[in-house]
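Undergrad: need a structure here:
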Amino acid sequence: MNVNFFFEVLIGGLLSGVMYALVAIGFVLIYKASGVFNFAQGAMVFFAALTCVGIVDKFGVPLWVAIPLTIVVMILLGIAIERVVLRPLVNQPEITLFMATIGLAFFIEGLAQLMWGSQVHKLELPIEDVPSEYLMNKFNILVSQFDIMAAAVCGLLVTALALLFSRTKVGRALRAVADDHQAALAVGIPLQRIWAVLWAVAGLVALVAGLLWGARNGVQFALTFVALKALPVLILGGFTSMPGAIVGGLIIGASEKLAEVYIGPLVGGGIEGWFPYVLALMFLLVRPEGLFGEKIIRRI
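TA: Predicted coordinates for the structure are as follows:
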């Protein structure tokens, strides 16, 4: 076995896994604080990327201007979702909230295409998708410098979120809401305002994920399916853990690439698309709560 090629595949998978983790973190933020599985997160990724390129194409502004404008749009979208859709459904069964996010996903997808069109858009970030010269010359390994920079951006965002949760007053309130809604209300924490902040942050995470995935695959409706790849990540890492989303993303990213290269030829190829779900199913049988999830003990 070619060792250099193995590490190329492994590193490429790990870097892709970081981008999967970024999408998964959007789910974790909402689920941990409100108990709502946000099925619309993939639609938000698509909406954010399409809005950014739409502003660039329609108004002729440079990308560095379009990104702050899109940030404002995503914050407003997150706040609007909380106030218009979820706030009236407070204290409703979880299945009701889940179904609401499914309807919301279709609405956001349609709204994005109504505003900016349904054609595929090219998104060019100031990061070239070419092999890193340093790794190529030093270790004879071909790794895309776009993947490296994308992983660095994801790492910075995760660090910023970790600091937000651990070092700020808003972060402490978010943790309190996540631990116990009723206790948070009892001590005067404005629950609805905190949820609005969470949805706004989820919108920002969706924007970063949308820009990175859009630059790689083109800004198109298929971006919504990136969220489906986050499901195995959540199952492995746990639905309530941000570190779990990162570890789960790395495992899924590396395993799907290695499986495609080394197992795929034995079964006719094409297993990259479904192997993560098989891995997640097997993991569910052993540890349903995930690596970092909270174990639920049910009494009969």
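
Undergrad: Run through the residues that contact the residue nearest to Ala151 when sequence neighbours are not counted.
TA: With Cβ to Cβ, 6 or more residues apart in numbering as the criterion, Ala151 has its nearest non-adjacent residue at 4.3 Å, and that residue is Val18. For every residue, glycine as well, the C-beta is placed using N, CA and C. Applying Cβ atoms under 8 Å, 6 or more residues apart in numbering, we find Val18 in contact with Ala150, Ala151, Cys154, Gly155, Ile246, Gly249, Leu250, Gly253.

Undergrad: Would you mind measuring from Val18 to Ile251?
TA: Remark: distance between Val18 and Ile251 (Cβ to Cβ, to the nearest Å) = 12 Å.

Undergrad: do the same with Phe47
TA: 28 Å.

Undergrad: Comparing those two, which residue is more hemmed in?
TA: Ranked by neighbour count (other Cβ atoms under 10 Å), Phe47 and Ile251 place Phe47 first, with 30 against 24.

Undergrad: measure that one to Leu198 for me?
TA: Look at Phe47 and Leu198: by Cβ to Cβ, they are 17 Å apart.

Undergrad: Now do the helices in the stretch 51-200 of the chain.
TA: 63-80, 94-116, 133-139, 145-167, 169-179, 181-186, 191-217 (DSSP state H, counting those that start in this stretch).

Undergrad: center of this protein - which residue?
TA: The structure's the chain has its C-alpha centroid closest to Val23; by Cα atoms, centre = their mean the separation is 0.7 Å.

Undergrad: Can you check what angle separates the host helix or strand of it from helix 94-116?
TA: For Val23, the element it lies in under DSSP states H and E is helix 3-34. Counting by axes from the mean of the first three to the mean of the last three Cα atoms, to 10 degrees, helix 3-34 lies at 110 degrees to helix 94-116.

Undergrad: what angle separates helix 3-34 from helix 191-217?
TA: In terms of direction (the same axes, to 10 degrees), helix 3-34 departs from helix 191-217 by 160 degrees.

Undergrad: so how far is Ala222 from Ala230?
TA: Taking Cβ to Cβ, one finds Ala230 at 15 Å from Ala222.

Undergrad: ok, now Gly17?
TA: The gap separating Gly17 from Ala222 is 19 Å, by Cβ to Cβ.

Undergrad: quick one, which of the two is more surrounded?
TA: Taking neighbours as other Cβ under 10 Å, Gly17 and Ala222 compare with Gly17 leading, 28 against 12.

Undergrad: Tell me where the stretch 151-300 of the chain is predicted with low confidence.
TA: By pLDDT under 70, the low-scoring segments of the stretch 151-300 of the chain are 180-181, 293-300.

Undergrad: hmm, try it at 80
TA: Residue ranges of the stretch 151-300 of the chain with pLDDT under 80: 165-166, 170-171, 174-192, 195, 227, 268-270, 293-300.

Undergrad: ok, now which ones touch the nearest residue to Gly117 once chain neighbours are set aside?
TA: Nearest residue to Gly117 in three dimensions, chain neighbours excluded: Gly54, at 7.5 Å (Cβ to Cβ, 6+ apart). For Gly54, the contact set (Cβ under 8 Å, 6+ apart) comprises Met115, Trp116, Gly117, His121.

Undergrad: Quick check: Phe275 vs Ala183, distance?
TA: Using Cβ to Cβ, Phe275 is found at 42 Å from Ala183.

Undergrad: Have a look at those two and say which one is more surrounded.
TA: Set side by side, Phe275 and Ala183 show more neighbours around Phe275, with 20 against 11, by other Cβ under 10 Å.

Undergrad: Excluding chain neighbours, give the residue nearest to the more buried one in space.
TA: Excluding the flanking residues, the one nearest Phe275 by Cβ to Cβ, 6+ apart is Ala259, at 4.5 Å.

Undergrad: go on, Ile246?
TA: Ile246's closest residue in space is Ala21 (Cβ to Cβ, 6+ apart), at 4.7 Å.

Undergrad: and if you look at Pro243?
TA: In space, Pro243 is closest to Phe292, 5.7 Å off (Cβ to Cβ, 6+ apart).

Undergrad: mind checking pLDDT for the residue nearest to Ala151?
TA: With respect to pLDDT, Val18 scores 89.
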